[in-house]
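1. Here is my input, please return the structure:
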Amino acid sequence: MSSGDRRDEGLVRFEPYELDIRARELRRNGKRVRLQAQPFAILAMMLDRPGDVVTREELVERLWPEGTFVDFEHSLNAAVKRLRAALGDDADSPRFIETLPRRGYRFIAAFEGTGGRTARGVRPRIAVLPFTDDGGEVIAHDFSDGLTDEMMLQLGRLEGLGVDVVARSSSLSFRAGVCLAREIGATLRADYLLEGSVRRQGERARIAAWLIETSGETQVWTGVYDRCLTDALSVQTDVARLVAGSLASELCPH
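-> From the prediction side, this is the model:
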């Protein structure tokens, strides 16, 4: 193994930064960024556990050995603030470090770890936008609204598989076509948007759903379902369950 290979084993890259764990250095575009020991340790812990929340208790235990007498809350907050300053990150609109109030922190940017392994530092987030319909009747709107709610319910069951669903109240404040996908994604911190439409003809309906990756505004999955609406609730549940199953294959880590 060459010296260059050995060096790469201790590197974690997340644009435009590079963390050299062995040398205990943070570099931006090849230039060293000053980072104290405690902020370095916090960053290394988050990068070592992609997708996991690093709790405040775990950080305190790592940074201050048993028997240390400090104001842990204030000292931890100060260390995280110094880390954010080094990364040029904003707590209100983070690119790298997400705060989970009263719980801890996690790394939310894509990165390349040791050995060239690519990973995301956070579980994918999906927002379900209100499904649209082609009719003005109240019953048509009720069906579309119910289908939207059922989609959120079924997708919520993917949480245990590694997918987070944006809160209903936040998602419903947007409608497909009103804003660009990347703008909605930035506002909701969503990696994906689930959009859909309902076209009715008598008792028949064609339900279409599609998944949009917000960063590139690209459609990555689509599904179409023809159903008879004699039992609207069963149709909503059935279609939402099928969509959730398909998205599990698309989004959940293997």
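2. which stretches of the chain aren't confidently modelled?
-> Low-confidence segments of the chain, defined by pLDDT under 70: 1-9, 51, 66-68, 113-123, 135-140, 159-161, 176-177, 252-254.
3. got the domain boundaries for it?
-> 3-120, 125-251 (automatic domain parsing).
4. Now tabulate the ones you listed in TSV and tack on mean neighbour count.
-> The C-beta positions use only the backbone N, C-alpha and C, and glycine is treated the same way. Output for the domains of the chain, formatted as TSV (neighbours: other Cβ atoms under 10 Å):
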stretch	mean neighbour count
domain 3-120	15
domain 125-251	17
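5. those helices in the stretch 51-200 of the chain, which residues are they?
-> Taking DSSP state H, counting those that start in this stretch as the criterion, the stretch 51-200 of the chain carries its helices at 56-63, 72-87, 138-156, 168-171, 181-188.
6. Between these, which one is closest to Leu47.
-> Across the helices of the stretch 51-200 of the chain, Leu47 has its closest neighbour in helix 72-87 (11.7 Å, Cβ to Cβ).
7. by contact count, what packs against the host helix or strand of Ala208?
-> Assigned by DSSP states H and E, Ala208 belongs to strand 204-213. Other elements packing on strand 204-213 under the criterion 3 or more Cβ pairs under 8 Å, 6 or more residues apart in numbering; DSSP states H and E are helix 138-156, strand 192-201, strand 218-228, helix 232-251.
8. Would you mind giving those as TSV with distance to Met46 added?
-> TSV is the format used below for the helices and strands packed on strand 204-213 (distance: least, Cβ to Cβ, whole Å):
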stretch	distance to Met46
helix 138-156	25
strand 192-201	23
strand 218-228	27
helix 232-251	22
